[in-house]
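# Here's a sequence, model it:
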Amino acid sequence: MTELRDLTPHVAIPLEQASRDKHQRRLLRDYLPELIGLERLLVEAPARVETRVVERVQLKAVTLPLYRIDIGTASPDAPALLLVGGVHGLERIGSQVIIAWLQSLLNRITWDQELKDLLGRIRVTLLPILNPGGMFLNQRSNPNGVDLMRNAPIEAQGRSTPFLGGQRLSRRLPWYTGTPDEGMEVENRALEGVIRELLPGRPFSLALDCHSGFGWQDQIWFPYAYRRRPMRKIASVLALKLLWEQAYPNHTYAFEPQSRHYLTHGDLWDYFYKTFNRAESGGFIPLTLEMGSWRWIRKRPRQLLRLEGFFNPMVPHRHQRVLRSHLSFIDFLLRAAANHGNWLPSAAEEPMLREAAIMHWYRDPG
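Residues are numbered from 1 along each chain as shown. Predicted structure coming up:
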């Protein structure tokens with residue numbers, strides 16, 4: 001099949017579906033319903049929504065496409081919002097949140113003129129299922145046994161948490177980083193290719209990567225995960241946090257650097273942040289949404305009897321609540337990126353905000 005580039009989804013997606021036989025369709029329906037749901041959504045999407053397949057993951061039973069969806073202005077000097085889900089195959093709720101927001105957006109642009117005008121000023125790119133092979137196999141890692149969030153070429157400075165911070169002992173154990181001579185996995189190379197095409201030349205960009213499985217509370221993490229010192233653009237992160245709290249004062253997110261919890265090797269967003277923030281102009285802030293799955297387990301301990309129950313809400317009403325509860329934050333990021341000139345700190349404000357951020361997140365509690 002030829003590469004599906006620059007085609008409207010009315011052409012691209014049925015071609016991808018038509019290449020599957022009945023057995024493959026049944027397997028996807030049973031083991032990867034998120035992909036089937038995404039394709040159905042894209043078939044009905046307006047022609048202005050661009051869809052392409054940036055990579056395919058080949059398993060014994062089925063070939064799985066890695067979809068990229070682009071919405072909004074094609075201007076290369078507009079700000080951008082990048083949304084990523086499904087990095088860990090077990091954390092299906094991350095992909096489901098991204099797909100739920102996409103469905104909401106596609107429904108609203110049919111009638112919401114204000115939203116149409118906003119999309120005329122920003123580029124939105126989505127990779128809802130970055131690790132389709134891991135999701136199909138119901139495992140955290142990709143089909144090669146590599147944890148995609150421990151696979152970037154960046155090493156922790158200081159003692160990382162044993163095993164959790166990444167290990168090279170065996171791909172049969174969790175949090176396997178891969179080996180440096182093998183480079184990044186194909187899924188991560190596809191993500192890097194998207195970022196290299198999307199970000200350069202833009203005045204500002206935000207990214208949100210949706211995960212689950214850590215703690216009692218929903219958390220927004222930002223770099224770094226490989227060291228405890230603050231990132232260079234920490235003043236902009238604090239400005240974004242304050243903006244969010246002013247707009248939504250009753251939110252329940254904890255906004256923190258990941259290094260407050262543990263250090264890891266090979267963090268993807270540390271690598272991309274350092275790679276794409278070397279120029280003085282513009283800026284790129286990657287965020288990670290960590291949905292607190294321990295709450296779902298506490299309310300329904302029987303979830304522990306199923307592997308996916310550790311990371312996903314299993315009760316229908318709770319699942320629906322999670323899908324809708326994060327839409328406001330993604331909408332906020334969309335508007336914050338589009339209006340970055342109204343809140344990013346000026347050169348005069350940055351030293352004060354940087355000092356405030358260091359006092360807030362990095363001061364010695366002792």
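
# Every contact and neighbour count from this point should use C-alpha atoms.
Will do.

# For the chain, which residues score under the pLDDT cut-off?
For the chain, the stretches with pLDDT under 70 are 1-15, 18-19, 279-282, 364-366.

# how about the closest residue to D147 other than its chain neighbours, what does it touch?
The shortest distance from D147 to any residue other than its chain neighbours is 4.4 Å, reached at S141 (CA to CA, 6 or more residues apart in numbering). Listed by CA atoms under 8 Å, 6 or more residues apart in numbering, the contact set of S141 reads H88, G89, G134, D147, L148, P174, W175.

# wait, isn't the third one in contact with D147?
Same thing as G134. No - between G134 and D147 there is no contact under CA atoms under 8 Å: 9.6 Å.

# Which neighbours do these two have in common?
Taking CA under 8 Å, 6+ apart as the contact rule, G134 and D147 both touch H88, R140, S141.

# quick one on the thing from earlier: how much space is there between the residue nearest to D147 and H88?
6 Å (CA to CA, to the nearest Å).

# Check L82 too.
Distance from L82 to H88, by CA to CA: 17 Å.

# Helix or strand: which one has E355?
E355 belongs to helix 350-361 when elements are defined using DSSP states H and E.

# Can you spell out which helices and strands pack onto that helix?
helix 234-247 (3 or more CA pairs under 8 Å, 6 or more residues apart in numbering; DSSP states H and E).

# The helix or strand following the helix it packs on pairs with which strands?
If you walk from helix 234-247 toward the C-terminus, the next helix or strand you reach (DSSP H and E) is strand 254-257. With DSSP bridges as the test, strand 254-257 is paired with strand 219-222 (parallel).

# How about residues contacting the strand it pairs with?
253-258, 285-292.

# And for G178, nearest residue in space, chain neighbours not counted?
Using CA to CA, 6+ apart, the closest residue to G178 is V146 (5.8 Å).

# Is D147 in contact with R140, as I believe?
Yes - D147 lies in contact with R140 (CA under 8 Å); the separation is 6.8 Å.

# what comes up buried for stretch 104-116?
Buried residues in stretch 104-116, counting neighbours by 16 or more other CA atoms under 10 Å, are found at L105, L106.

# Please, where are all the helices along the stretch 151-300 of the chain?
Secondary structure of the stretch 151-300 of the chain, counting by DSSP state H, counting those that start in this stretch: helices at 186-198, 234-247, 268-276, 293-299.

# Good, we can wrap up now.
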